[in-house]
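A.B. asks: Here you go, sequence then predicted model.
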Amino acid sequence: MTKQFKTLDDFLGTHFIYTYDNGWEYEWYAKNDHTVDYRIHGGMVAGRWVTDQEANIVMLTEGIYKVAWTEPTGTDVALDFLPNENKVNGTIFFPKWVQEHPEITVTYQNEHIDVMEAAREKYATYPKMVVPEFATITYIGDAGQNNEDVIDEAPYAGLPDEIRAGKYFDSNYKRVNK
Ligand SMILES: C=Cc1ccc(O)cc1
């Protein structure tokens, strides 16, 4: 995709795949001006996926976007997207318990909010594990806002490649083979 991003509206509805310099691969969707969905394909919590996470989304200056949210696990996330440069800078602040028990979070979180809340009470928060990394964007798709087909199944090996190959969504950005 060679679209030039200028406005906040250009960013909302965009679907990204990117790989952090530490090798962690993430898929993320700006669902609307206050909501994000994501799937994690590689890294400490690969296999985790989340829809309808409330987030703060702003444009800092033309074509540069900041997104931040706090999760039921106690994990905090701050992302800066530079889509015209195919770059993201992300910082993830993991509570100590996620670092020690990542497998608890590797699920479709929406169906297990009670489990996340119980774990954050039971286990330690501090010291937090801070992960500041640049990432390279490997896919940008214009999914449109509030598209429930973008992130609607668990991550599996080969899914990012199917998306990048144009095999996963049809011309209306609906899932093929659903
Ligand atoms: C913990 C969630 C998360 C989602 C996207 C991203 O780039 C980093 C963290």
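C.D. replies: On my side now, so go ahead.
A.B. asks: chain center to stretch 82-99: distance?
C.D. replies: Centroid displacement of stretch 82-99 relative to its chain, using Cα atoms, centre = their mean, to the nearest Å, is 9 Å.
A.B. asks: Show me the contact partners of stretch 150-158.
C.D. replies: Contact with stretch 150-158 is made by 15, 27, 29, 31, 37-41, 46-47, 49, 51, 108, 143, 173, 175, as judged by Cβ atoms under 8 Å, 6 or more residues apart in numbering. Placement of C-beta: from N, CA and C, glycine included.
A.B. asks: Could you do stretch 75-88 as well?
C.D. replies: 4-5, 11, 14, 16, 18, 28, 60, 63-71, 89-95, 98, 105, 134-137, 140.
A.B. asks: Also stretch 163-178?
C.D. replies: 15, 17, 27, 138-139, 141-144, 147, 149-150, 152, 159, 162.
A.B. asks: Mind doing that once more with 6 Å?
C.D. replies: Tyr139, Ala143, Asn147, Asp149, Glu162 (Cβ atoms under 6 Å, 6 or more residues apart in numbering).
A.B. asks: and if you look at stretch 104-122?
C.D. replies: Counting by Cβ under 6 Å, 6+ apart, Val45, Gly47, Arg48, Trp49, Val50, Thr51, Pro72, Thr73, Gly74, Val98 sit against stretch 104-122.
A.B. asks: can we see that at 10 Å?
C.D. replies: 37-40, 44-53, 71-75, 94-95, 97-98, 101, 123, 151, 153-155 (Cβ atoms under 10 Å, 6 or more residues apart in numbering).
A.B. asks: Pull out the buried positions in that stretch.
C.D. replies: Going by neighbour count (16 or more other Cβ atoms under 10 Å), the buried part of stretch 104-122 is Ile104, Thr105, Val106, Thr107, Gln109, Met116, Ala119, Arg120.
A.B. asks: just those now: which is nearest Met129?
C.D. replies: Nearest to Met129 among the buried residues of stretch 104-122: Thr105, at 12.7 Å, using Cβ to Cβ.
A.B. asks: what's the distance between the closest one and Phe94?
C.D. replies: Applying Cβ to Cβ, to the nearest Å, the value for Thr105 to Phe94 is 9 Å.
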